[in-house]
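Q: Give the three-dimensional model of this entry:
(one chain, ligands or ions: 1)
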Amino acid sequence: MSNEATAEASRRRTFAVISHPDAGKSTLTEALALHAHAIAEAGAVHGKGSRRGVVSDWNEMEQARGISITSAALQLSIDDVVLNLLDTPGHADFSEDTYRVLAAVDCAVMLLDAAKGLEPQTLKLFEACRVRRTPVITMINKWDRPGREPLELLDEISDRLGIHPTPLNWPVGIAGDFRGVTDPQTGGMTEFTRTPGGATIAVGEPLDAHEAARRHADDWYRAAEEFELLTASDHAHDQAEFLAARTTPVLFGAAVLNFGVAELLRTVVDLAPPPSAWTDVEQQPRPVDAPFSGFVFKVQTGMDPAHRDRLAFMRVCSGRFERGAVLTNARTRRPFQTKYAQSVFGRERKTIDEAWPGDVVGLVNAQALRVGDTLYDSRPVTYPGLPRFTPEHFAVFRPRDAGRAKQFRRGIEMLDQEGIVQVLVSDRRGAQAPVLAAVGPMQFEVAAHRLEHEFGAPASRDPLQYGVARRTTPESAPVVDRQRGAEVLERTDGVSVALFTDKWRMSTIARELPAGSLPPMFGDDDGVDP
Ligand code: G4P
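A: Now for the predicted structure:
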């Protein structure tokens, strides 16, 4: 069995696509599903507009706003390799959620729009990968349209991200007059042919160097020369450097036309690392062939409006997951029954009977599970919890109908456990008026919507004029709390959080306190709270 776990782990690749909205993530996901064999059929899920897509937009609010909040995993197979593609929310306001998904993958694909290069959300998500030292493969998309110079894009990656780009192929012809990409395997190129509708798989025709020169003359010579120069200098792919997240292999393509998608799949299969030992809170690695363990990176309630259940998404870290096994929750030391286990993508659900390291299992009826929980079999283990991001928006929520106070409290507790918002309380404000804290304001919309529709407790919302949050110490908390333009509350995980109207107010107050009294929170521009 232990050998089986090692073998199963070694043929898995678990990854996510990070991108700024509109760079083409849904299109790429769909194209990947088309090229590989989608193990869980993606056909029943729908994307934006009329286009068939693979974003999970089941929720009416998500549909109304054209955003995708929920995350799930699509399992694909190519040859003997199983790919787990984890879906990440596209909207910047849900970057905390995205971070959690990134904590569950072994590799990320950074998708850039050729005309736009690095955009704010790409930068933020890349930062999350950097903190975790997750290897990143870069795909420059929309090459069929006018865009920027490839060399300029490489420079931008290296200057702004501090990661060294190593192109695996090189575009022949400029963006907008795309002829294809060089093929380093054959020394020739893959010619790009436009197919009407773009809904087919085969669009690249392999050409040898002679034929490439005959058909594309100067464009071919220029591309071949540039690629040779780049790879002969220090831009050649080096697997160890890539795995250490110091370099990023770069590919060019056009997802909507299915061009470059097969190359990307091949690259994920060949270069992305398979699941390996997961490090626990004591910094001890648990090998993939150890007894079963997994950690919960996402909890979602009410995915199926017909029966409001609670689903916890768990990444398998070691051993074999078997449906029906009784596991232990490391936080509570209580048993957890895994009678109902599913793969979930969009509206599609399928029962999972077994899973291996790298796979994602949706555990149904997971009332007892929270984001960051570890589940294990036989030998105990606890994996590090997932950090909460620095909130930037704050609002007091109150039940509109005093008779629904119980439902309101229950709803708030649930939203907190799912990590939809952070919940801050203080004696002064009382339990009926918690301060909800969010990275982006849309999190409040989700909270309000769910309180009303799921818990039957419509809430009023009073925004607070705070914009900066810091942790604080027991000594300085009462001092800060007395200041104008500041307030101290306690987060439900016990962290004492100080809120300030702005940075200026915060630094004025900090000057009166001993050094280190207001440490930054995770994801803050000023630092990282591990
Ligand atoms: P997202 O999930 O990252 O937000 O992006 P999505 O896939 O929805 O793509 C955003 C837009 O970019 C879509 O156009 C999509 O068709 C287009 N797109 C994606 N890949 C490529 C590409 O390789 N080349 C070109 N030219 N366009 C691409 P839309 O007009 O917003 O939607 P639709 O009407 O085409 O569905």
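Q: Show me what whatever helix or strand Ala16 lives in is packed up against.
A: Assessed by DSSP states H and E, Ala16 sits inside strand 12-19. Using 3 or more Cβ pairs under 8 Å, 6 or more residues apart in numbering; DSSP states H and E, the elements in contact with strand 12-19 are helix 25-35, strand 81-86, helix 95-102, strand 107-113, helix 120-132, helix 261-271. In short, each C-beta sits where N, CA and C put it, glycine included.
Q: between these, which one is nearest to Thr338?
A: Among those, the nearest to Thr338 by Cβ to Cβ is strand 81-86 (18.4 Å).
Q: does the ligand sit close to that closest one?
A: No - figure legend: strand 81-86 not in contact with the ligand (Cβ under 6 Å from any ligand atom); closest approach 13.2 Å.
Q: count of residues packed around the one residue in the stretch 101-250 of the chain that gets nearest to the ligand?
A: Of all residues in the stretch 101-250 of the chain, Lys142 sits closest to the ligand, at 3.8 Å by Cβ to the nearest ligand atom. Here the number of neighbours of Lys142 (other Cβ atoms under 10 Å) works out to 26.
Q: next one: phi and psi at Leu311?
A: The phi/psi pair for Leu311 (degrees, to the nearest 10) reads phi -120, psi 130.
Q: so it sits right up against Gln367, yeah?
A: No - here Leu311 lies out of contact with Gln367, judged by Cβ atoms under 8 Å, at a distance of 10.6 Å.
Q: For these two, work out which one has more neighbours and name it.
A: Using other Cβ under 10 Å, the more surrounded residue of Leu311 and Gln367 is Leu311, with 24 against 11.
Q: Tell me the residues of the chain that contact the ligand?
A: Contact residues, the chain versus the ligand (Cβ under 6 Å from any ligand atom): 19, 21-27, 48-49, 51, 90, 141-142, 144-145, 254-257.
Q: Got a quick PyMOL command for the buried subset of the residues you listed?
A: Buried members of the residues of the chain next to the ligand, defined by 16 or more other Cβ atoms under 10 Å, are picked up in PyMOL with:
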select buried, resi 19+21+23+24+25+26+27+48+90+141+142+144+254+255+256+257
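Q: hang on, the earlier thing: is it possible to export the helices and strands packed on strand 12-19 to TSV including mean pLDDT and distance to Arg398?
A: Formatted as TSV, these follow (pLDDT from 0 to 100; distance: least, Cβ to Cβ, whole Å):
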stretch	mean pLDDT	distance to Arg398
helix 25-35	86	37
strand 81-86	93	36
helix 95-102	84	24
strand 107-113	97	40
helix 120-132	86	32
helix 261-271	94	48
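Q: can you put these in CSV and add distance to Ala486?
A: Below are the helices and strands packed on strand 12-19 laid out as CSV (distance: least, Cβ to Cβ, whole Å):
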stretch, distance to Ala486
helix 25-35, 40
strand 81-86, 39
helix 95-102, 24
strand 107-113, 38
helix 120-132, 27
helix 261-271, 48
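Q: Show me the one of those that comes nearest Val421.
A: Of all the helices and strands packed on strand 12-19, helix 95-102 comes closest under Cβ to Cβ, at 9.5 Å.
Q: Can you show me the strands along the stretch 151-300 of the chain?
A: Applying DSSP state E, counting those that start in this stretch to the stretch 151-300 of the chain gives strands spanning 164-167, 171-172, 180-183, 188-192, 204-207, 247-252, 278-279, 285-286, 293-301.
Q: could I get the ones you listed as a markdown table with mean pLDDT and distance to Pro120?
A: Listed next are those as a markdown table, based on pLDDT from 0 to 100; distance: least, Cβ to Cβ, whole Å:
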| stretch | mean pLDDT | distance to Pro120 |
| --- | --- | --- |
| strand 164-167 | 96 | 20 |
| strand 171-172 | 94 | 25 |
| strand 180-183 | 92 | 28 |
| strand 188-192 | 91 | 30 |
| strand 204-207 | 86 | 32 |
| strand 247-252 | 96 | 19 |
| strand 278-279 | 96 | 30 |
| strand 285-286 | 97 | 35 |
| strand 293-301 | 90 | 23 |
